[in-house]
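> Fold the following and give me the result.
(one chain, ligands or ions: 1)
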Amino acid sequence: MKARILALSGGVGGAKLARGLARVLGAGELCVACNTGDDFTHLDLAIWPDLDSVTYAVAGLADDERGWGRRGETWQFMAALRELGGPDWFRLGDQDLALHVWRSARLRAGARPSELAADVCARLGIAQTLLPMTDDTVRTRLHTDAGLLDFQDYFVARRAQPRVERIEYVGAATAGLPGPLSQAIAAGWQPEAVLLCPSNPWLSIDPILAIPAWRDWLSGLDCPIVGVSPIVGGQALKGCAAKLMAEFGLEVSAAAVARHYGALLDGFVIDRVDQALATSLRADGLGIATCDTVMRGDTDRERVACAALDLAAELRRGGA
Ligand code: FO1
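I've put the predicted structure just below:
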């Protein structure tokens with residue numbers, strides 16, 4: 001593996017940073033490992049929301065408004081499905097559908113998830129390595145006041161309304177690293193830095209960290225691990241991280257996210273509006289960088305990518 005930087009990502013926020021990183025790094029210098037806990041089988045199709053969001057973002061095909069799926073999408077399949085009385089709570093655009101149909105056929109024919117991800121990258125002209133977090137099956141399930149729910153049932157069908165008591169990552173305990181990463185590690189590969197994207201810590205990054213092989217490898221690495229806060233000014237920019245934190249009895253702040261990652265983290269990028277948290281985070285031993293972390297366009301994405309990479313470089317030199 002040629003990658004220098006390894007990013008761990010969920011969907012929306014992670015995909016934005018992944019695009020920024022892909023734009024500021026050289027071809028092949030980035031590897032993104034994506035959460036697969038949100039994946040599910042719908043209408044007999046294998047749906048991989050986070051890997052697809054990152055793939056479309058890095059390829060420049062993403063719908064930035066929606067945060068998932070492809071730009072310029074059409075919805076004729078959904079209209080026809082609705083007419084037939086089929087399930088319409090989870091929207092599959094016509095172009096996006098091609099990916100789900102083709103991937104499902106390839107999986108049935110025995111392809112490995114990481115092999116499929118590499119094929120899609122090659123077809124879409126992506127020079128970076130995008131991987132599922134594992135080639136095994138891991139599913140995020142939420143214990144809520146509405147019962148035990150699969151992720152997409154909670155997040156999309158019920159609009160993240162139920163109160164969450166506990167989250168489990170079914171299959172994580174026995175899951176392995178994705179094939180290409182295992183092979184690279186066996187051949188002596190080490191990243192220069194690991195970045196935790198501004199994704200939901202509990203729903204997007206924790207499923208990766210719940211895999212013992214990931215935890216063990218990350219904690220033994222001799223390189224900085226730098227996070228970017230998904231919480232800005234006490235609010236989540238998108239998604240339900242703030243709601244979950246409140247339900248878990250946590251303060252909704254960038255500092256609480258840093259504490260959640262604990263000893264794993266060497267550095268943290270926080271928003272300028274959270275500047276006041278920097279002193280206490282530094283006192284906890286973290287390297288801190290502040291910048292405007294809200295990512296609306298490519299210039300924003302490149303700025304946040306550079307802030308995270310610069311902080312990692314400074315930590316490698318022993319500074320920050
Ligand atoms: N999110 C929604 O809120 N509603 C949808 O109908 C929906 C469809 C969808 C289809 C393909 C895909 O790759 C993602 C999709 N998402 C949808 C996003 C998905 O729920 C993600 O898991 C979350 O955004 C969390 O990352």
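> Please make it C-alpha for all contacts and neighbour counts, starting now.
OK.
> Give me the buried positions along the longest helix along the chain.
Scanning the chain for the longest helix, with DSSP state H as the assignment, gives helix 298-316. Buried positions in helix 298-316, judged by neighbour count with 16 or more other Cα atoms under 10 Å: 300-309, 311-313, 315.
> go on, stretch 243-261?
243-245, 252-255, 257-258, 261.
> and it, average pLDDT?
Mean pLDDT, stretch 243-261: 96.
> Quick check: end-to-end length of that stretch?
One end of stretch 243-261 sits 18 Å from the other (Cα to Cα, to the nearest Å).
> again, but for stretch 222-237
32 Å.
> close to the ligand, is it?
No. Applying Cα under 6 Å from any ligand atom, one finds stretch 222-237 separated from the ligand by no less than 12.7 Å.
> Buried residues in that stretch, which are they?
223-232, 235-237.
> helices or strands up against the longest helix of the chain?
helix 12-24, strand 193-196, strand 225-228, strand 267-271, strand 287-291 (3 or more Cα pairs under 8 Å, 6 or more residues apart in numbering; DSSP states H and E).
> now the ones you listed as JSON lines including mean pLDDT?
Listed next are these as JSON lines, based on pLDDT from 0 to 100:
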{"stretch": "helix 12-24", "mean pLDDT": "96"}
{"stretch": "strand 193-196", "mean pLDDT": "98"}
{"stretch": "strand 225-228", "mean pLDDT": "98"}
{"stretch": "strand 267-271", "mean pLDDT": "98"}
{"stretch": "strand 287-291", "mean pLDDT": "98"}
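> and those as TSV, adding distance to Ile208?
Shown next, in TSV, are the helices and strands packed on helix 298-316 (distance: least, Cα to Cα, whole Å):
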stretch	distance to Ile208
helix 12-24	13
strand 193-196	11
strand 225-228	14
strand 267-271	19
strand 287-291	23
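> Paired strands for the lowest-mean-pLDDT helix or strand in the chain, with orientation please.
In the chain, no helix or strand scores lower on mean pLDDT, DSSP states H and E than strand 235-236, which sits at a mean of 87. Using DSSP bridges, the neighbouring strands of strand 235-236 in the sheet come out as strand 231-232 (antiparallel).
> ok, residues contacting the partner strand?
Outside strand 231-232, the residues within contact range by Cα atoms under 8 Å, 6 or more residues apart in numbering are 237, 241-242, 252-254, 257, 270-271, 273-274, 293.
> Try it again at 7 Å.
The contact list for strand 231-232 (Cα atoms under 7 Å, 6 or more residues apart in numbering) reads 237, 253-254, 271, 274.
> before we move on, what about stretch 153-170?
37, 89, 138-146, 207, 240, 244, 247.
> If we use 10 Å, what do you get?
Stretch 153-170 has contacts (Cα atoms under 10 Å, 6 or more residues apart in numbering) with 37-38, 88-91, 137-149, 151-152, 202-203, 206-208, 210-211, 239-240, 243-248.
> Those residues of the chain touching the ligand, which are they?
Counting by Cα under 6 Å from any ligand atom, the residues of the chain near the ligand are 10-12, 38, 48-50, 52, 68-69, 90-92, 152, 156.
> looking at these, which has the most residues close by?
In terms of neighbours by other Cα atoms under 10 Å, the residues of the chain next to the ligand top out with Gly10 at 33 neighbours.
> distance of that residue from Asp292?
From Gly10 over to Asp292 (counting by Cα to Cα), the distance is 20 Å.
> Same check on Leu81?
Look at Leu81 and Asp292: by Cα to Cα, they are 42 Å apart.
> Repeat that for Gly37.
Taking Cα to Cα, one finds Gly37 at 29 Å from Asp292.
> repeat for Gln128
Distance from Gln128 to Asp292, by Cα to Cα: 26 Å.
> now the strands: where do they sit in the chain?
5-9, 30-34, 40-42, 45-47, 129-132, 139-144, 147-150, 164-170, 193-196, 225-228, 231-232, 235-236, 267-271, 287-291 (DSSP state E).
> tell me what the first one is packed against?
Helices and strands touching strand 5-9, as assessed by 3 or more Cα pairs under 10 Å, 6 or more residues apart in numbering; DSSP states H and E, comprise helix 12-24, strand 30-34, helix 49-59, strand 129-132, strand 193-196, helix 206-209, strand 225-228.
> CSV for those, including distance to Asp266?
Below are the helices and strands packed on strand 5-9 laid out as CSV (distance: least, Cα to Cα, whole Å):
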stretch, distance to Asp266
helix 12-24, 19
strand 30-34, 19
helix 49-59, 25
strand 129-132, 24
strand 193-196, 10
helix 206-209, 16
strand 225-228, 5
